[in-house]
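1. Make a model of this:
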Amino acid sequence: MIYIKAEKYDYIMVFTCHQRALYIYEHLTKRNIKAKLVSAPNKINISCTQAVKFKDIDMEIVQTELYRNNIYPTAMYKILGEGKNETYELVE
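-> Residues are numbered from 1 along each chain as shown. You can find the predicted model right below:
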C-alpha cells in the first residue's frame, strides 16, 4: 500500500467572493506558487465559501500578487495543527 503525504500549507486567505479567491489562485499558480483552492473552514468562513492556502516561503510573492491585482483578502490566518485538528490564528 502506498501512502501519499498531504501537502502542508502555512497560511489561508478568505475573500468576500468566490471569484476573487479563484482569480488570485490562478495568478499564483501561473507564477508557480504552490497554492490550493479550498472550501473555507466554518471556523473562519466570513462570507465566501472559497479560500486559498499557501506556504510561508511564498508570502512575499503572494503579497505582491494581491497588491498588483488590487485584490485583498477579507482575512489571512496562520494555520496551526494539521488535518481535522487545524486551528487558525488571525494574521491580518
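2. and the helix or strand hosting Tyr25, which residues are buried?
-> For Tyr25, the host element (DSSP states H and E) is helix 18-30. Buried residues in helix 18-30, counted by 16 or more other C-beta atoms under 10 Å: 20-21, 24-25, 27-28. Quick note: C-beta positions are derived from backbone N, CA and C, even for glycine.
3. between those residues, which is closest to Val14?
-> Distance to Val14, by C-beta to C-beta, is smallest for Ala21 among the buried residues of helix 18-30, at 7.8 Å.
4. close enough to count as contact, Leu37 and Thr29?
-> No. Leu37 is beyond contact range of Thr29, at 9.0 Å (criterion: C-beta atoms under 8 Å).
5. I'd say Val62 and Phe54 touch.
-> Yes. If you go by C-beta under 8 Å, Val62 and Phe54 touch, sitting 5.4 Å apart.
6. So for the two, which residues contact both of them?
-> Any residue near both Val62 and Phe54 by C-beta atoms under 8 Å, 6 or more residues apart in numbering counts here, and that gives 11, 13, 28, 33, 35.
7. Report the contact partners of the closest residue to the last one other than its chain neighbours.
-> If the residues on either side of it in the chain are set aside, Ala35 comes closest to Leu28, at 4.2 Å by C-beta to C-beta, 6 or more residues apart in numbering. Neighbour list for Leu28: 35, 52, 54, 58, 61-62, 65 [criterion: C-beta under 8 Å, 6+ apart].
8. can you do 7 Å?
-> The contact partners of Leu28, taken as C-beta atoms under 7 Å, 6 or more residues apart in numbering, are 35, 54, 62, 65.
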